[in-house]
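*Asks:* I'll drop the sequence and a predicted model, then ask my questions.
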Amino acid sequence: MSDKVKTEFQKAKKNRIFQDVVEQIQEAILNGTLNPGDVLPPERELQETFNVSRGTLREALRVLENKGLIEIRLGTGGGARVKEAGTAQLTETLALMLHSGALPVLDIGEFREGMEGKIASLAALRATPKDIKNIEKLLKNALKIAEKGEADYQDFLRADEAIHKEIATIARNLVYQYLMEVVHDNIQRYYNQFLDFSVSRLAENCEDLKNLVKAVCEHRSEDAGSIAEEHVRRFNIRMRAKEALSAQKSESKK
């Protein structure tokens with residue numbers, strides 16, 4: 001990795017100075033002209049190259065830092081340095097929107113049906129003997145918790161979540177794995193607001209998990225995908241029904 005890289009930046013276009021600075025540096029990073037560990041030229045040199053003020057340049061660098069493309073170090077040997085690509089920025093916005101409850105229940109449901117069905121199908125195709133052993137152990141734990149009944153439903157949900165995340169790991173697709181993690185790490189608010197839990201629903205969920213894990217372990221890809229989609233679909237129908245009921249009650253109070 002070089003400490004200083006000569007990059008052919010151009011003067012920023014006057015009608016969109018700030019955006020142009022961001023886009024030029026971003027493109028240099030994404031196309032490999034700048035690599036992880038490379039240090040951008042000093043501020044004064046960048047100002048002259050882009051023909052921008054110090055304030056405009058610093059704001060552009062802050063945007064690039066927020067995107068996770070660079071890190072800005074202070075002091076001797078400091079400066080703007082290109083970062084290794086990470087997953088935090090990939091998932092941060094979606095995580096915040098889910099956690100805040102800003103996304104419609106319908107949108108989340110449609111997304112999860114397709115995503116979890118595809119993940120289960122891939123997992124069934126790619127499961128190794130070690131994977132099967134791991135997921136059967138997680139299922140055994142979930143069923144043991146379920147035997148305690150509705151009072152331990154939160155513990156069961158965490159065990160259920162562990163199974164879904166493990167299936168995403170078995171699928172061996174990093175994009176699906178990241179998305180599964182961010183959804184399940186932040187969807188609890190929707191469950192609390194739009195789902196009513198009961199012993200019968202707990203039993204139904206257990207049956208779904210047993211069928212899903214069995215299909216994955218037996219490498220029945222199509223069945224695994226269908227089971228996962230139907231499992232999510234039923235939850236979505238109930239969540240939408242309660243959402244509609246809550247909306248009606250709020251409207252009647254006005």
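*Replies:* Yep, it's here.
*Asks:* ok, the residue of the chain most remote from its centre to residue 77 distance?
*Replies:* Distance from the C-alpha centroid of the chain peaks at residue 48, with 39.2 Å (C-alpha atoms, centre = their mean). Counting by C-beta to C-beta, to the nearest Å, the gap from residue 48 to residue 77 is 22 Å. (Each C-beta comes from the backbone N, C-alpha and C, glycine too.)
*Asks:* for residue 100, same thing?
*Replies:* Distance from residue 100 to residue 77, by C-beta to C-beta: 39 Å.
*Asks:* now swap in residue 31 and tell me
*Replies:* From residue 31 to residue 77 the distance is 27 Å (C-beta to C-beta).
*Asks:* cool, and residue 224?
*Replies:* 52 Å.
*Asks:* where exactly do the helices run in the stretch 151-254 of the chain?
*Replies:* Remark: helices assigned in the stretch 151-254 of the chain by DSSP state H, counting those that start in this stretch are 153-171, 174-186, 188-194, 199-217, 221-252.
*Asks:* and the fourth one, what does it pack onto?
*Replies:* Helix 199-217 makes packing contacts with helix 105-126, helix 129-146, helix 153-171, helix 221-252 when contacts are defined by 3 or more C-beta pairs under 8 Å, 6 or more residues apart in numbering; DSSP states H and E.
*Asks:* Would you format the ones you listed as a markdown table with mean neighbour count included?
*Replies:* Below are the helices and strands packed on helix 199-217 laid out as a markdown table (neighbours: other C-beta atoms under 10 Å):
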| stretch | mean neighbour count |
| --- | --- |
| helix 105-126 | 19 |
| helix 129-146 | 16 |
| helix 153-171 | 20 |
| helix 221-252 | 16 |
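*Asks:* The ones you listed: lowest mean pLDDT?
*Replies:* For the helices and strands packed on helix 199-217, mean pLDDT drops lowest on helix 221-252, to a mean of 85.
*Asks:* how far off helix 153-171 does that one point, in degrees?
*Replies:* What separates the directions of helix 221-252 and helix 153-171 is an angle of 140 degrees, with axes from the mean of the first three to the mean of the last three C-alpha atoms, to 10 degrees.
*Asks:* so what secondary structure elements neighbour helix 221-252?
*Replies:* helix 105-126, helix 188-194, helix 199-217.
*Asks:* packing partners for the longest one?
*Replies:* Of the remaining helices and strands, those touching helix 105-126 by 3+ C-beta pairs under 8 Å, 6+ apart are helix 153-171, helix 174-186, helix 188-194, helix 199-217, helix 221-252.
*Asks:* For residue 22, which of those helices is the nearest?
*Replies:* Residue 22 sits nearest to helix 174-186 of all the helices and strands packed on helix 105-126, at 24.4 Å, using C-beta to C-beta.
*Asks:* how close does the residue found closest to residue 176 once you drop the neighbours it is linked to in the chain get to residue 39?
*Replies:* What sits nearest to residue 176 in space, not counting adjacent residues and going by C-beta to C-beta, 6 or more residues apart in numbering, is residue 119, at 5.0 Å. According to C-beta to C-beta, residue 119 and residue 39 sit 40 Å apart.
*Asks:* what does residue 60 give?
*Replies:* 16 Å.
*Asks:* Name the residue in these two with the higher neighbour count.
*Replies:* A count of neighbours by other C-beta atoms under 10 Å puts residue 60 above the other of residue 60 and residue 39, at 24 against 19.
*Asks:* Would you list the phi and psi of that one?
*Replies:* Dihedral pair for residue 60: phi -60, psi -40, per degrees, to the nearest 10.
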